[in-house]
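Chemist: Dropping a prediction and its sequence here:
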Amino acid sequence: MAFVEAKDGVMLHVKDMGQGQPVVLIHGWPLTGDMFEYQTLALLEAGFRVITYDRRGFGQSGHPATGYNYDMFADDLAAILEDLDLQSVSLVGFSMGGGEIARYLARHGASRVSKAVLVASVAGYLLQDETNPDGVEPSVFEDMKAQIRKDRFAFLQSFAKQFYGVGLVTSPVSQGILDWSFVHGIMASPKATIDCVDAFGTTDFRPDFAAFTIPTLVIHGTGDDIVPIALTGHAAAKGISGAQLIEYDGEPHGLFATVPDRLNHDLIEFLR
């Protein structure tokens, strides 16, 4: 466990475990790097070196007032890869974390990266506009921010149920996982929680797809109503040359906890 200093001085909390081929796991909103508990164990046991970190504003990383945009997030990832001197690293981004991979490759290139995995990722474009008529209406994101401002804690509890498809999938997560996710969420800066809605909700990653010059795996649940597959998973699979797409039929957003064994198997098969 250590801290890496970002280019603007923000300290990023990093966990670096194991030996072997390095894999960096990039977490989703509004969680922390510890959301990858099932994946970390599986990858360590399979002989990988596993690096997780908390995005700025979340978990044990610094909580600055500004800097919550994907150019900065990509530069934060670059600082970690450079500080640890990671080579031939595989990047795995869940949800918001997929955007870090896309923007990192666009800004910094793939010289350090051997493979990429986008899991239920926002890489694509979520916002409805003239270029994306089937996107998410702007009012949805404005309502999310209003709910966070009014009662962030009630929002997090409600959001977690939708996140994991409670009531929708045959094997919903336990109350313990819902509580665990709530703890992750309340660790975040309220400012970061709100500002990141704009970051993942309004950033168009489609121009970044050309920067994926490495083998890429896209995994997405067809029942994901947090990050709809048509706007992201399908767009990434189409826009990234040679990308492999695996659809999880009927699965919601939180694949890392709803179907951890299946996700771990697919990750390890691809990373090997």
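Modeler: Noted; the coordinates are in hand.

Chemist: only C-alpha atoms for contact and neighbour calcs from this point on.
Modeler: Noted.

Chemist: Okay, helices next: where are they in the stretch 1-150 of the chain?
Modeler: 37-45, 70-83, 96-108, 138-163 (DSSP state H, counting those that start in this stretch).

Chemist: most neighbours per residue, which of these?
Modeler: helix 96-108 (a mean of 25; mean count of other C-alpha atoms under 10 Å).

Chemist: Tell me the helices and strands packed up against it.
Modeler: strand 22-26, helix 70-83, strand 89-94, strand 113-119 (3 or more C-alpha pairs under 8 Å, 6 or more residues apart in numbering; DSSP states H and E).

Chemist: of all the ones you listed, which lies closest to residue 149?
Modeler: helix 70-83 (22.2 Å; C-alpha to C-alpha).

Chemist: Show me what that closest one is packed up against.
Modeler: strand 2-5, helix 96-108.

Chemist: In a markdown table, list those along with mean pLDDT.
Modeler: Formatted as a markdown table, these follow (pLDDT from 0 to 100):
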| stretch | mean pLDDT |
| --- | --- |
| strand 2-5 | 96 |
| helix 96-108 | 98 |
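
Chemist: which one of the ones you listed lies closest to residue 158?
Modeler: Closest among these, using C-alpha to C-alpha: helix 96-108, at 18.8 Å.

Chemist: tilt between that closest one and strand 22-26?
Modeler: Helix 96-108 runs at 120 degrees relative to strand 22-26, counting by axes from the mean of the first three to the mean of the last three C-alpha atoms, to 10 degrees.

Chemist: quick one: contacts of helix 96-108?
Modeler: In this structure, residues lying in contact with helix 96-108 by C-alpha atoms under 8 Å, 6 or more residues apart in numbering are 26-29, 70-71, 73-75, 77-78, 91-93, 116-119, 121-123, 200, 205, 208-212.

Chemist: List phi and psi for the residue of the chain most remote from its centre.
Modeler: Relative to the mean C-alpha coordinate of the chain, counting by C-alpha atoms, centre = their mean, the farthest residue is residue 130 (26.2 Å). Main-chain dihedrals, residue 130, degrees, to the nearest 10: phi -70, psi -20.

Chemist: ok, now the one 3 residues further on?
Modeler: Here is the backbone geometry of residue 133 (degrees, to the nearest 10): phi -60, psi -20.

Chemist: Could you dump the helices of the stretch 1-150 of the chain into TSV with distance to residue 263 added?
Modeler: TSV is the format used below for the helices of the stretch 1-150 of the chain (distance: least, C-alpha to C-alpha, whole Å):
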stretch	distance to residue 263
helix 37-45	8
helix 70-83	23
helix 96-108	16
helix 138-163	16
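
Chemist: Residue 257 is nearest to which of these?
Modeler: Closest among those, using C-alpha to C-alpha: helix 37-45, at 7.5 Å.

Chemist: hmm, who's touching that closest one?
Modeler: Contacts for helix 37-45 (C-alpha under 8 Å, 6+ apart): 17, 18, 49, 50, 256, 257, 260, 264, 268.

Chemist: before we move on, the earlier item: need the helices and strands packed on helix 96-108 in a markdown table (columns: distance to residue 101).
Modeler: Formatted as a markdown table, the helices and strands packed on helix 96-108 follow (distance: least, C-alpha to C-alpha, whole Å):
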| stretch | distance to residue 101 |
| --- | --- |
| strand 22-26 | 8 |
| helix 70-83 | 7 |
| strand 89-94 | 7 |
| strand 113-119 | 8 |
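
Chemist: Residue 187 is nearest to which of these?
Modeler: Of the helices and strands packed on helix 96-108, nearest to residue 187 by C-alpha to C-alpha is strand 22-26, at 16.8 Å.
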